[in-house]
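[1] this is a predicted model, with the sequence first.
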Amino acid sequence: MLSSLLVLLSSLVGGGLAVGDCTGTINSLADVSAAVACTTVNINSFTVPPGQALTLNLLSGTTVNMNGDVLFGNQSWAGPLFTVSGNSVTFIGNGHTFDGGGPFYWDGLGGNGGVVKPAPMMKIRISGTFKNVRVLNSPARTYSVSNPGPLTMSGLTIDNSLGDFPNSKSGGKPAGHNTDGFDASTTDLTIENSMIHNQDDCLAINRGANIVFQGNTCIGGHGISVGSIDSGVTVNGIVISGNTITNNDQALRIKTDAAASGSTVTNITYSGNVGTGLRLFGVLIDQSYPATLGTPGTGVKLSGVNFIPPLTTISVNSGAKRVAVNCGVGSCTGTWDWSNLRVSGGSAGPITNFGGITGFSQ
């Protein structure tokens, strides 16, 4: 019997049918294991039961098509709700939604207590492309990205706008909290042409290299961040270009932990970004995290922070600081060209322990 099966498999492969050359369809979690044995996977509308996750471990070269919305049942647990992994994957959302059921979890505390919230909601571990996906109401952090090879994420929507408002559990504070858009600790990642409405960092880069964030719109959160940077971390080659940052705490931020050591952050390039309605700062570079403009540490070496054409223009609210730079003694080095930065409104912020900024004055 075994020899007959081997002969049959050999004849199929020899006749042009490769292993995985089939189409799998997911209508429930019960379909996943069979579907991911194929290199075309179609996801139809269904609800994932509470406390369970949709996990796709894909064959190399798989194409995934979302043909309907996926909802996650509500239960207090750590998550994540969705994980996708594989190499050279093409993931096409077709505008469909992953609904995280955020209002069930939101209590104004995020990851600081209260109800345990699935975080991140979406764990992305693919190379290739991930596009045209909508995430609605993430319980806490939305995307964690740790791609194994080059990845482009484009045309995405993160809509946590409902979290701007208090609910019965949030004590009058906005119900959504720690709803980061993208947390990236990776290399060779591009995130582009996407819309993020949330209540925390639009993007947070914690380590990595060759990361491009371009043409995105960030609404309501804490702006575009490099950091926070902990010990033993390298960040190199970050491009933040052509983004629109509206009604955030700050537009652009680099934050390094005051207690961190042995880390380097270098070659951070900003161009053509537009920020309006900034509540606290236009640009904030701070080496005293988690305090803001506290006593800065010296264990993270920061260099090569430049604004290049086209011009970055930022307008802050009346009570905000235009630019604040808080470096540890000797930890910010080199010459930084800020001649392509214009910041208006508010008042000048402090620049501490660094005189290497050229082409810009407040």
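    That came in fine, so what should we check first?
[2] distance of the residue nearest to the spatial centre of the chain from S271?
    Nearest to the mean C-alpha position of the chain, counting by C-alpha atoms, centre = their mean, stands F182 at 0.8 Å. Look at F182 and S271: by C-beta to C-beta, to the nearest Å, they are 19 Å apart. Using the backbone N, CA and C atoms, a C-beta is placed for each residue, glycine as well.
[3] with V233 instead?
    Computed as C-beta to C-beta, the V233 to S271 distance reads 24 Å.
[4] now swap in I211 and tell me
    Taking C-beta to C-beta, one finds I211 at 15 Å from S271.
[5] please list all residues in contact with the closest residue to N206 other than its chain neighbours.
    Spatially, and ignoring its direct neighbours in sequence, N206 is nearest to S185 (4.7 Å; C-beta to C-beta, 6 or more residues apart in numbering). The neighbours of S185, taking C-beta atoms under 8 Å, 6 or more residues apart in numbering as the test, are 145-146, 205-208.
[6] hey, what's the residue nearest to the centre of the chain bridged with?
    Beta-bridge pairing of F182 under DSSP bridges involves Y143, L203.
[7] how about it, what does it touch?
    F182 touches 142-143, 145, 153, 191, 196, 202-204, 213, counting by C-beta under 8 Å, 6+ apart.
[8] what's the closest of the contacts of S185 to T244?
    I205 (18.7 Å; C-beta to C-beta).
[9] need the phi and psi values for the closest one.
    phi -100, psi 120 (degrees, to the nearest 10).
[10] and the residue nearest to the centre of the chain, what pLDDT?
    Note on F182: pLDDT of 98.
[11] ok, it to S225 distance?
    Taking C-beta to C-beta, one finds F182 at 10 Å from S225.
[12] got the contacts of F182 as JSON lines, with distance to F91 and pLDDT columns?
    Listed next are the contacts of F182 as JSON lines, based on distance: C-beta to C-beta, whole Å; pLDDT from 0 to 100:
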{"residue": "T142", "distance to F91": "16", "pLDDT": "98"}
{"residue": "Y143", "distance to F91": "12", "pLDDT": "98"}
{"residue": "V145", "distance to F91": "13", "pLDDT": "98"}
{"residue": "M153", "distance to F91": "9", "pLDDT": "99"}
{"residue": "I191", "distance to F91": "14", "pLDDT": "99"}
{"residue": "I196", "distance to F91": "18", "pLDDT": "99"}
{"residue": "C202", "distance to F91": "21", "pLDDT": "98"}
{"residue": "L203", "distance to F91": "19", "pLDDT": "98"}
{"residue": "A204", "distance to F91": "22", "pLDDT": "98"}
{"residue": "F213", "distance to F91": "19", "pLDDT": "99"}
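[13] just the buried ones out of those, please.
    For those, a burial check counting by 16 or more other C-beta atoms under 10 Å picks out 142-143, 145, 153, 191, 196, 202-204, 213.
[14] rewinding a little: quick one: which of I211 and S271 has more around it?
    Neighbours of I211 and S271, each counted by other C-beta atoms under 10 Å, are more numerous for I211; the result is 25 against 19.
[15] wait, A320 sits on G345?
    Yes: the pair A320 / G345 is scored as a contact, 6.9 Å apart, by C-beta atoms under 8 Å.
[16] quick one: common contacting residues for the two?
    Common neighbours of A320 and G345 (C-beta under 8 Å, 6+ apart) are G282.
[17] list phi and psi for the residue nearest to N206.
    Dihedral angles of S185 (phi, psi; degrees, to the nearest 10) stand at phi -130, psi 80.
[18] distance check, it against A209.
    11 Å.
[19] what of G272?
    22 Å.
[20] ok, F98 next?
    Counting by C-beta to C-beta, the gap from F98 to A209 is 28 Å.
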